[in-house]
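Undergrad: No sequence on hand, only this structure:
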Ligand SMILES: [Zn+2]
């Protein structure tokens, strides 16, 4: 979960930073991701896509952003992720849960579930439960503020 939290810090979304980390049954990291716009090789890629939430389809980030879970699955560098565990800082949405199921991930550990009643998270629960994926809320072993502090120090060094 620490790696997922640090990964989240790389997101350029001004409002919601989410990180995800996939580990294999031996707890080795096989994929990491954070929420970001599609990695299209064009000039001014970041300016092309808006982080706004306006109604017009050209200015609604939800229509374009790639979620952290999706990016962690796609970034797996060819590793087999059947039977893996995905750590995510936010409860996965229904679209990510479909990817989680289809990729063979068997366990999801999340840090926060802020909007359990929204349709996308309610549907996500149905998807994950039906697929018999183990869902666990992360219980920090230590004080997470230490990790945030460490990350802030790291950012000042980079
Ligand atoms: Zn998602």
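TA: Arrived safely. Computed from a predicted structure; not experimentally measured. Residues are numbered from 1 along each chain as shown.
Undergrad: Please report how far the residue nearest the centre of the chain lies from residue 87.
TA: Geometric centre of the chain, nearest residue: residue 68, 2.8 Å, by C-alpha atoms, centre = their mean. Computed with C-beta to C-beta, to the nearest Å, the distance linking residue 68 and residue 87 is 10 Å. Quick note: C-beta positions are derived from backbone N, CA and C, even for glycine.
Undergrad: Quick check: neighbours shared by the two?
TA: In terms of C-beta atoms under 8 Å, 6 or more residues apart in numbering, residue 68 and residue 87 are both contacted by the residues 4, 20.
Undergrad: Please identify the nearest residue in space to residue 95, excluding sequence neighbours.
TA: Counting by C-beta to C-beta, 6 or more residues apart in numbering, residue 95 lies nearest to residue 67, which is 7.1 Å off, once chain neighbours are set aside.
Undergrad: swap in residue 48?
TA: Taking C-beta to C-beta, 6+ apart as the measure, residue 48 lies nearest to residue 42, with 6.7 Å between them; neighbours along the chain are not counted.
Undergrad: and that neighbour, how many neighbours does it have?
TA: 6 (other C-beta atoms under 10 Å).
Undergrad: Just the helices from the chain, written as ranges.
TA: Along the chain, the segments classed as helices by DSSP state H run 2-8, 45-48, 68-74, 94-103, 119-130, 144-157.
Undergrad: Least confident of those, on average?
TA: Ranked by mean pLDDT, the helices of the chain end with helix 144-157 at the bottom, a mean of 62.
Undergrad: wait, doesn't the residue nearest to residue 48 sit right on residue 49?
TA: No. With contact defined as C-beta atoms under 8 Å, residue 42 and residue 49 do not form a contacting pair (10.6 Å).
Undergrad: interface residues of this protein facing the ion?
TA: If contacts are counted using C-beta under 5 Å from the ion, the residues of the chain sitting beside the ion are 67, 93, 96.
Undergrad: top of the residues you listed by neighbour count?
TA: With neighbours taken as other C-beta under 10 Å, the top of the residues of the chain next to the ion is residue 96, carrying 28 neighbours.
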